[in-house]
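> sequence unknown, structure follows:
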């Protein structure tokens, strides 16, 4: 009988050290019989889902022979027979071992298998009285001995942090976790297909950069010994992708990692996956149409519809067209029609009344944006393109034709979080230099915003076509489509504080 379980699902579980000790005893018993408990090459197996389809309801006596392999997730000894379930990457199939088929020695060895062991089985398919398609074990092979017990099969991992630290156990015991990551894989595959079908080229740009540009964020620093210079993990690929526009690559995208040396939260991981897209001769509206179509196309393929259930009582409707709302209109809706006519002191007073931490050293733009980021953004549950932001907030975008205090950009908000920013890209090198200088002055000595990327400006001086560009947070999109509550639920190995 398995050393970890009896055929009573409610039986007490032995102390963990006793279980491990018993597994080592079983390991030595296999070796004493000349069996390698960590197996070797195993061939001929078919996925469990495919194996079950080979059973013919019209010819039950045929019992087609299949070979399957997987991890034991249930093991129940019933006298001279054993029922077990094994899970592979496709699903679960039941196997049935009998003493009178295997013989005394092989059956005794089969009973020595443990919950979590990986085995290969060959046998004919039949259907049990309860209707379960099952492989009758004619031959079996131990492929990998599990020396540590898995979490109890009915509970799985209940410690959330352990789920993240030991994702492999989460995937073994939690079918929903595996489904989320299969959705992620499908989402990324369909995003690539969507863009390639529209003539975009996937490119790769440096992750180690001399200057961390393209966004305002604290970078991770390292040192390049061969060049004897400091380097930074990129915070965004934007400035390199724009160099490609200069070079004649007119429709490009990069789907890869960015790194920001900032906090951990339900919606932030310092290493995250980002999609960035640039299209020559496009603009902000081109990008809005593109990202709206991309999101709705991928969501429909992955989920089958455009209604996303979040929790028990929230449904997000991705049916296009998405709402479009100017930034200033949202501020006025929340703070009053006269907000932009108020004095700085009046704005600070009203902002503090919302419980926000603002002070007189902050500019009017900063005070206003605090309201947007801390209050308004979280209230935008249904898809909303927020447009026409203050130019101080986006130094890499073109100003609006009718108001040079605003930039021609959008921020796509869904479920209270920014999913995608998009711009009419600034391609005037003289104006771009001026914006960089303004950004450095406003940062007041902040080392994260202290240098101008002269190489990028040199590229612009050679002529960059007018273009639209966008970014799309892949982890956040997966959270949305999968209905996940935390970014850690959609990243296989999220960052955590090291155990001491």
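Perfect, I can see it now. Since we're looking at a predicted model, the values are computed, not measured.

> by contact count, what packs against the lengthiest helix in the chain?
Using DSSP state H, we find that the single longest helix of the chain is helix 175-197. On a contact count with 3 or more CB pairs under 8 Å, 6 or more residues apart in numbering; DSSP states H and E, helix 175-197 meets helix 167-173, strand 201-202, strand 251-259, helix 284-303, helix 474-482. All C-beta atoms are positioned from the backbone trio N, CA, C, and that covers glycine.

> Next, the angle from that helix to strand 251-259.
For helix 175-197 against strand 251-259, the angle by axes from the mean of the first three to the mean of the last three CA atoms, to 10 degrees is 150 degrees.

> can you pull the buried residues of helix 175-197?
177, 180-181, 183-184, 187-188, 190-191, 194-195 (16 or more other CB atoms under 10 Å).

> Could you do stretch 312-324 as well?
For stretch 312-324, by 16+ other CB under 10 Å, it's 316, 318, 322.

> Which of the helices and strands packed on helix 175-197 sits closest to residue 418?
Distance to residue 418, taken as CB to CB, is lowest for helix 474-482 among the helices and strands packed on helix 175-197, at 7.8 Å.

> can you list contacts of that closest one?
180, 183-184, 187-188, 191, 255, 267, 269, 272-275, 295, 298-299, 302-303, 308, 316, 414-415, 417-419, 484-487, 489-491 (CB atoms under 8 Å, 6 or more residues apart in numbering).

> And that helix, how far out from the chain middle?
Relative to its chain's centre, helix 474-482 lies at 7 Å (CA atoms, centre = their mean, to the nearest Å).

> swap in stretch 122-137?
With CA atoms, centre = their mean, you get 38 Å for stretch 122-137.

> which residues make contact with it from outside it?
44, 51-52, 54-55, 60, 63-68, 83, 93-98, 101-102, 110, 121, 138-140.

> From the opening residue of it to its closing one, how far?
6 Å (CA to CA, to the nearest Å).

> again with stretch 91-106
With CA to CA, one end of stretch 91-106 sits 26 Å from the other.

> Identify each buried residue in that stretch, please.
So stretch 91-106, judged by 16+ other CB under 10 Å, has buried residues 92-97, 99, 102.

> average pLDDT across it?
For stretch 91-106, mean pLDDT is 97.

> Out of the helices and strands packed on helix 175-197, which is the most enclosed?
Highest mean neighbour count of the helices and strands packed on helix 175-197: helix 474-482, a mean of 23 (counted as mean count of other CB atoms under 10 Å).

> what's the average pLDDT for it?
Averaging pLDDT residue by residue across helix 474-482 gives 97.

> Contacts for stretch 245-257 next, please.
So stretch 245-257 is contacted by 188, 191-192, 195, 198-205, 207, 237, 241, 244, 271-281, 459-460, 462-465, 467, 474 (CB under 8 Å, 6+ apart).

> re the thing from before, what about the buried residues of stretch 91-106, which are in helices?
99, 102.

> so which of the buried residues of stretch 91-106 comes closest to residue 287?
residue 92 (44.1 Å).

> quick one: which of the contacts of stretch 122-137 sit in strands?
Within those, residues falling in strands by DSSP state E are 65-68, 83, 93-98, 121, 138-140.

> Make CSV out of the buried residues of stretch 91-106 and add distance to residue 397.
Formatted as CSV, the buried residues of stretch 91-106 follow (distance: CB to CB, whole Å):
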residue, distance to residue 397
92, 52
93, 55
94, 59
95, 61
96, 65
97, 67
99, 75
102, 71
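
> Report the two of the buried residues of stretch 91-106 separated the most.
Most distant of these, by CB to CB, are 92 and 99, 24.1 Å apart.

> Of all the helices and strands packed on helix 175-197, which one comes closest to residue 23?
helix 167-173 (15.8 Å).

> And the average pLDDT for that closest one is what?
90.

> what about it, distance to the chain center?
On CA atoms, centre = their mean, the centre of helix 167-173 falls 16 Å from the chain's centre.

> before we move on, what about stretch 330-347?
38 Å.

> And that stretch, end to end?
15 Å.

> and what of stretch 274-294?
End to end - CA to CA - stretch 274-294 spans 14 Å.

> same check, this time on stretch 112-125
24 Å.

> Could you list the low-pLDDT ranges of the stretch 301-450 of the chain?
Within the stretch 301-450 of the chain, the segments meeting pLDDT under 70 span 444-450.

> one more time with 80, if that's ok
Applying pLDDT under 80 to the stretch 301-450 of the chain picks out residues 442-450.

> As a check, name the ranges of all helices in the stretch 1-150 of the chain.
16-32, 48-53, 99-102, 104-111 (DSSP state H, counting those that start in this stretch).

> and the angle for the last one with strand 92-98?
With the same axes, to 10 degrees as the criterion, the two stretches helix 104-111 and strand 92-98 enclose an angle of 150 degrees.

> follow-up on the earlier one: now the helices of the stretch 1-150 of the chain as JSON lines including distance to residue 79?
JSON lines is the format used below for the helices of the stretch 1-150 of the chain (distance: least, CB to CB, whole Å):
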{"stretch": "helix 16-32", "distance to residue 79": "20"}
{"stretch": "helix 48-53", "distance to residue 79": "26"}
{"stretch": "helix 99-102", "distance to residue 79": "8"}
{"stretch": "helix 104-111", "distance to residue 79": "11"}
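
> picking up where we left off before, which ones among the contacts of stretch 245-257 are found in strands?
201-202, 271-280, 467.

> Separate out the buried members of these.
Going by neighbour count (16+ other CB under 10 Å), the ones in strands among the contacts of stretch 245-257 have 272-280, 467 buried.

> doesn't residue 193 make contact with residue 298?
No: judged on CB atoms under 8 Å, residue 298 makes no contact with residue 193 at a distance of 9.2 Å.

> Go through the ones in strands among the contacts of stretch 245-257 and say which is closest to residue 427.
residue 467 (6.8 Å).

> roughly how far apart are the closest one and residue 196?
19 Å (CB to CB, to the nearest Å).

> circling back: and the longest helix of the chain, how far out from the chain's middle?
Counting by CA atoms, centre = their mean, helix 175-197 comes out at 9 Å from the chain centroid.

> now residue 251, which residues is it bridged with?
residue 279 (DSSP bridges).

> Would you mind listing the buried residues in the helix or strand that contains residue 369?
Residue 369 is part of helix 364-371 when elements are defined by DSSP states H and E. Within helix 364-371, the residues scored as buried using 16+ other CB under 10 Å are 364, 367-371.

> ok, now stretch 49-58?
Buried residues in stretch 49-58 (16+ other CB under 10 Å): 51-52, 55.

> want to throw the residues you listed into CSV with pLDDT and distance to residue 127?
Formatted as CSV, those follow (pLDDT from 0 to 100; distance: CB to CB, whole Å):
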residue, pLDDT, distance to residue 127
51, 96, 13
52, 94, 10
55, 94, 7
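
> Show me how this protein divides into domains.
16-155, 172-322+383-489 (automatic domain parsing).

> Deepest-packed of these, please.
domain 172-322+383-489 (a mean of 18).

> That one spans what distance, first to last residue?
OK, domain 172-322+383-489 end separation, CA to CA: 15 Å.
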